[in-house]
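Enquirer: Have a look; sequence and predicted model below, questions after that.
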Amino acid sequence: MPRHVLCCDRLLPLPDVTSFTLRCRAPPANLPDVTYEPANLPDATYDARPWSSPRAVMEKSSTRTEEMENVQKTEKKKRSKEEEEEEEEVFNLNNKTPGDEGDDEDLSDSEDSVFSGLEDSGSGSEDEEEEEEGSHEEEDLKDDQILQPEKKKGGLTAEEEKKEDEYRQDSSDEEDIRNTVGNIPMDWYKDFPHIGYNLDGKKIFKPIRNKDELDEFLDKMDNPDYWRTIHDKQTGSDIILSDDQVALVNRLQRGQFGDLHFNEYQPQVEFFSSDVMLHPVTNRPADKRSFIPSLVEKEKVSKLVHAIKMGWIKPKRHEEPGGRFYDLWANEDCTTSLARLKMHLPAPRAPLPGHMESYNPPPEYLFTEEEKALWEQQDVSDRKCPFVPRRFSSLLQVPAFPRFLHERFERCLDLYLCPRQRKLRVNVNPEDLIPKLPKPKDLQPFPTTQSLVYRGHNGLVRSISVSPSGQWLASGSDDGSVRFWEVCSSRCLKTVQVGGAVKSVAWNPNASLSLLAVALDSMVLVLSPSLADKQVVSASERLLAGPQGAEPAEEAGPVTWTDTEGEELNQGIRLKIQHPKPVQQVAWHAKGDYLASVMPDHSSHLQVFIHQVSRRRSQNPFRKNKGLVQCVSFHPVRPYFFVATQRSVRIYNLVKQEMTKKLQANSKWISSMAVHPGGDHVICGSYDCRLSWFDLDLSTKPYKMLRHHKKAVRGVAYHRLYPLFASASDDGSVIVCHGTVYNDLLQNPLLVPVKVLRGHVITHDLGVLDVTFHPSQPWVFSSGADATIRLFT
Amino acid sequence: MGGTQKKKYERGSVTNYITRNKARKKLSLSLPDFRRLCILKGIYPHEPKHKKKVNKGSTAPRTFYLLKDIRFLLHEPIVGKFRDYKVFVRKLKKAYGKTEYTNVQRLKENKPTYKLDHIVKERYPSFIDALRDVDDALCMCFLFSTFARTGKCHVQTITLCRRLTVEWMNYVIASRSLRKVFISIKGIYYQAEVMGQLITWLVPYQFAHDHPTDVDYRVMATFTELYTTLLGFVNFRLYHSLNLLYPPKLDAKAESELKDENDEDYAMNSESYLEKLSALSTSLATVVATTEEEEAQLDQFPVEDEDMEKMEAREREQKEQEAQKKLLEGHKFFLNREVPREPLAFLIRCFGGEVSWDKSVCIGSTYEMTDESITHQVVDRPNVDKKYINRYYIQPQWVFDCVNAKIVLPVEDYFLGVTLPPHLSPFVEEKDGDYVPPEKLKIMALQRGEKPAQEEEEEEEEDDDEEEEEEEEEEEDEEEEEEENNLKKMEKQRSQGKNLSVKVTAGKVKVENPERLEQEEKAEEKRLAIMMMKKKEKYLYDKIMFGKKRKVREANKLTAKRKAHDDAEKSKKKTKANK
């Protein structure tokens, strides 16, 4: 029985601990030393390699234990055939009460330790091993004794099995499996009383474990060996470790060698050392090749030689002594300077810093809050000063300038990227730019001061005209009245209510007549104010009487002439010329017989009429519409007729009935026009603040554009005798200019502004509306939107 | 009539210019190499007069180089060196790739280098040309010498820059050619007059730079490459002009002293030598042991009267300069630890003063703080624990202001804890009409030798005068206005018309000022003449006048600001006094 038990015990697998340690320490591949032939005795290998590593030793031991197990298994198989029944009993017994085996415990313990392989794997000293070997042998002997016949039988088979073992050893799956179920999760058997089956298909039962928590606890308290008891999951049994095993575990845990007697610090045997030895390490005769020059080396050397020859490889350069620098400009000869260098523009120097950049600037250079805010808002390129001036109370507190590197870098960029250009700085004295003109003092007489103001109108005074004698002034206003003033006394002698806003008044330039043409609505009235000698008055009456007895049957035309009667006649209105459209302007011919009227209209050719007062005849000289007519004027001497449209002035020859010239005014919208008494010069005022002077002999382009006014020019006028002309504008000023015209064609007219006259008040954005000169004196009249007329002398 | 059709853009100004890309292709260089070449050779783009013509009708923004410049670059030997370097890099890469480390070693030993000597000579055919352009070189070298020796550029460059700047400073000390200094918020500006050329450079404060990412260091490094070469040659020449040894050597006497003192502390002799030089505390060794130099006297030439004045002015100037050179002679300074040592030592030594500092600050201190003969101690803290009686404790600005004023200023304003007077830029030269800060007036008065107390009164008087003038002007305007007002009033009265009570009032005799009348007349004349100006001239005139007016406006603004500030200060003082 005990033998059986012994056998069964042998079958018990190794406890977990060893398997764990072995797995940990085992290298993945077996060392060549370790591949161990089963024929060799383990002892022999041990003796032969005393310095072999403990790991190797363990390997060996583990393999050896497996070996033995395998042997035992085979043996067991054979035996099991004989004693199946008994075995069963034994198993049962074992399963039932592992603790009941108290009798066998001592023995089984020792056996356990033997087959657990723990002694072999680490702790075993040689003596122990020998002992164990001895015990093995003993057991073997026992076995032999008992199973002699089988052994004899299986002599051959044993050898075969050994071969098989060798074969089997390769499969690592079989390692450390101490039960019959293989390497499976043991949870699967958790709920069963058995683990696996034996060869006969019978269940192999687990050792009975009915310990609950309390038992466990009691066990823990009572059992002195509790701490060294280990539960083996694979077989379900408890194993108590021996002292040696525990010591081994401790050593391994501490990271020490398993072998207690292994010397980690063995003296090293130096085969090769720094000392030159007398004899070679080996006494092997030198090879032949060591006496023959190497071809490979030769090849390499020849390559190098070739490279050196060809100049591909250069010898190492040496720094020339005596420093890098020498007198570079020792032999300066400026004569050889390149032409290029003459053209070279040196880069401008960086600007020098001002007070603002100081670390402690005067307080006025520091930014105020608003300036700082502005600086921060501004774009970088717009900033006048690229930094914010700051003040520090001492040098110690000055920090590094954050944009220092940027500024230097930008300077570098400027130096190599900026195109350079020589620029002539305009260093002009502004005084030199002012043209040298004759002094106004030398050009006297001209009006200088405001001397009289004529008041009486209620609306803006659109037009004024001075009688050829220079004694009377007629004015037409928006309040529907025409007033006659005495020039010297500024008294209003006569007021004629015409019943409509007066657009234009014009005194007949003939000194022997005393007539006034008035344009209002779509009518032209001819007044005889009877403010002159009786002779003159009667002469004008005669003229107005018209062609007595002539046929008045010319009503086919668009214009109708009518005599006035009653109240109107008493007021002095003698003739009414009814036009089809509103009349803007009237102008007399110098002789005083012809009268031109303007009816601006975009779409019609009926814009200008020329009336002959003496014959009461009207005619439209133009067949075509050439633009919106602004104003017209007769040439003072010759039979020419000036028509100003928006952009240009056309000059027609009335005799030949053709256009002789077209003057380009270079302005957007002509407002007014005046013809020089000589007849060779024309000035045009325009709504875009310009006044253009045309020299008819010179060109059709303006000889001079005068931009004196700030606002639209409303009226222009020439003086009849003096070289003066005036312009009136919406900015409330009248500018009097001196304009000498030379008879000599080679000399251009001399234009000098001599006086700016102010006085009119700007009302409703309108300033001075009309301007005219006194016929004999250097006086100028102006009428304004403030309902006044002013005389400047 | 006949003949081939002329092609556009094939003659005329087009042929003189070449675009950057074409130039690059012509030289067969990569863009960085082309850039480097342009920097080294000083080639810059040109702006053609008619850009559209040169750009073949396109208005795309392009940079143009002169074709002649590019042709000139074709012959530059350094282009070949650039190519060599490219080849070298390729070989090195190959060797690394094949792990042939001996080859790598050999290649590295034979790394192609180039010299810029001929370029410097070519760009600056005479020494004076070089001096004229040394401004930027100095700025750059001073900047690079403050870089940390980490990564941003080669350590050799940094040390070379440091060496060259130290040499330059030593030269300036030896020749006593410094003229002006200015502490700005960017750094310290120095201006020296070397061989008749005014050279200005800017030294940043000694702080670590936080290197910005938007700065291309390759460009800067290329410039530095050129500038170090230039500065080296310039230094060489300058040292030899003063009979000094180059590379500079310390005076034999000083050297032995220094050696004795500091041998234990400084083991590396080669390194410590630069530091000893950079201490700027001792004079340099000369080639020949010279006796005292005789000052070259201006020879007297028989001259005419007009020239006489010039001559006299020149002589006076020279005298002034001589005086300025010896400004701090006889003064003995001691720099406290917190004072920036290098600028102050440089400054004091430039004007003949003696200077020392604490041993722990730097090598090369010549005397201790306890020295009795010290006249000034430069301190930059509010108070000092232990004071010596026989010396002034001043703030560093005093030295700078003295140099700029060319006289030894009174020290009272610069004592410890005192609010410093503003530090003014010496580079500003005010013309009449510009704003002059009152501090400058004060200094100018001091230069003239007046006492400050009188000056203040004068100032006030001047101010009063100015104010009066202004008032007069205002009065004029007012009078005009008044006239107009009177006229208007009269008119109003008249317009009221009917209820005008006919009354004779005693008339006032209108006093006519003939001068004024004349002035008015002239003014009107001018106004009328201006009306007659041509459009182009008028535009220019308006522009000039606008500029003038703006200047006046700015000056007025500054005066107003100053006045407000002063008033505020005064009121503060008063309130304090009352309390």
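Expert: Cool, got the structure. Predicted, not measured: the structure shown is a model, and the values here were computed from it.
Enquirer: Next one, pLDDT for A:Asp225 please.
Expert: We note a pLDDT of 85 for A:Asp225 in this prediction.
Enquirer: From what I see, it and A:Asp238 are in contact.
Expert: No. A:Asp225 is beyond contact range of A:Asp238, at 9.8 Å (criterion: Cβ atoms under 8 Å). Quick note: C-beta positions are derived from backbone N, CA and C, even for glycine.
Enquirer: Which element, helix or strand, includes the residue positioned nearest the centre of chain B?
Expert: Taking Cα atoms, centre = their mean, the centroid of chain B lies closest to B:Thr200, which sits 4.7 Å from it. Assigned by DSSP states H and E, B:Thr200 belongs to strand B:197-204.
Enquirer: if you average pLDDT over that strand, what comes out?
Expert: 94.
Enquirer: just stretch A:759-766 next, same as before
Expert: The pLDDT scores in stretch A:759-766 average 86.
Enquirer: buried residues in that stretch?
Expert: Across stretch A:759-766, burial judged by 16 or more other Cβ atoms under 10 Å in any protein chain shown covers A:Gly759, A:His760, A:Ile762, A:Leu766.
Enquirer: show me where the stretch 301-450 of chain B has helices.
Expert: B:305-325, B:341-350, B:397-405, B:438-448 (DSSP state H, counting those that start in this stretch).
Enquirer: With distance to chain A as extra columns, can I get the ones you listed in CSV?
Expert: Formatted as CSV, those follow (distance: least, Cβ to the nearest Cβ, whole Å):
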stretch, distance to chain A
helix B:305-325, 19
helix B:341-350, 9
helix B:397-405, 7
helix B:438-448, 6
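Enquirer: Including distance to A:Asp287, could these go into a markdown table?
Expert: Formatted as a markdown table, those follow (distance: least, Cβ to Cβ, whole Å):
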| stretch | distance to A:Asp287 |
| --- | --- |
| helix B:305-325 | 85 |
| helix B:341-350 | 71 |
| helix B:397-405 | 84 |
| helix B:438-448 | 96 |
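Enquirer: returning to what we had before: between A:Asp225 and A:Asp238, who's got more neighbours?
Expert: The neighbour comparison of A:Asp225 against A:Asp238 (other Cβ atoms under 10 Å in any protein chain shown) goes to A:Asp238, with 18 against 10.
Enquirer: ok, of the helices of the stretch 301-450 of chain B, where does mean pLDDT dip lowest?
Expert: Among those, helix B:305-325 carries the lowest mean pLDDT (a mean of 82).
Enquirer: pLDDT-wise, which helix or strand of chain B ranks last?
Expert: In chain B, no helix or strand scores lower on mean pLDDT, DSSP states H and E than helix B:452-496, which sits at a mean of 51.
Enquirer: does the next helix or strand after that helix come close to chain A?
Expert: Remark: after helix B:452-496, the chain's next helix or strand is helix B:514-531, criterion DSSP H and E. Yes. With Cβ under 8 Å from any Cβ of the partner chain as the criterion, chain A is reached by helix B:514-531 at B:Glu521, B:Glu524, B:Glu525, B:Lys526, B:Arg527, B:Leu528, B:Ala529, B:Ile530, B:Met531.
Enquirer: what's the closest non-adjacent residue to A:Leu413?
Expert: Leaving out its chain neighbours, the residue that sits closest to A:Leu413 by Cβ to Cβ, 6 or more residues apart in numbering or on different chains is B:Val219, at 7.2 Å.
Enquirer: counting contacts, what elements does the helix or strand where that neighbour lies pack onto?
Expert: According to DSSP H and E, B:Val219 maps onto helix B:217-241. With contacts taken as 3 or more Cβ pairs under 8 Å, 6 or more residues apart in numbering or on different chains; DSSP states H and E, helix B:217-241 sits against helix A:404-417, helix B:31-41, helix B:117-123, helix B:127-132, helix B:134-145, helix B:155-175.
Enquirer: Distance from it to the middle of the chain?
Expert: 19 Å (Cα atoms, centre = their mean, to the nearest Å).
Enquirer: Okay, buried residues for that helix please.
Expert: Under 16+ other Cβ under 10 Å, the buried positions of helix B:217-241 are B:219-239.
Enquirer: nearest residue to A:Glu486 other than its sequence neighbours?
Expert: A:Leu493 (5.7 Å).
Enquirer: Now do the same contact list for the one you found.
Expert: A:Trp472, A:Phe484, A:Trp485, A:Glu486, A:Leu531 (Cβ atoms under 8 Å, 6 or more residues apart in numbering or on different chains).
Enquirer: May I have the secondary structure class of it?
Expert: At A:Leu493 the chain is in strand, as set by DSSP: H, G, I helix; E, B strand; the rest coil.
Enquirer: And it, how far from chain B?
Expert: From A:Leu493 over to chain B the distance is 18 Å, taken as Cβ to the nearest Cβ, to the nearest Å.
Enquirer: Let me see the mean pLDDT of the helix holding B:Val219.
Expert: pLDDT averaged over helix B:217-241 gives 93.
Enquirer: That helix to helix B:31-41, inter-axis angle?
Expert: 20 degrees (axes from the mean of the first three to the mean of the last three Cα atoms, to 10 degrees).
Enquirer: which residue ranges form the helices in the stretch 251-400 of chain A?
Expert: A:295-310, A:339-343, A:369-377.
Enquirer: ok, of the ones you listed, where does mean pLDDT dip lowest?
Expert: Mean pLDDT is lowest for helix A:339-343 among the helices of the stretch 251-400 of chain A, at a mean of 69.
Enquirer: Quick one: residues contacting A:Ile683.
Expert: Contacts of A:Ile683 (Cβ under 8 Å, 6+ apart): A:Met673, A:Ala674, A:His676, A:Leu691, A:Ser692, A:Trp693, A:Phe694, A:Val716, A:Tyr718, A:Phe725, A:Ser727.
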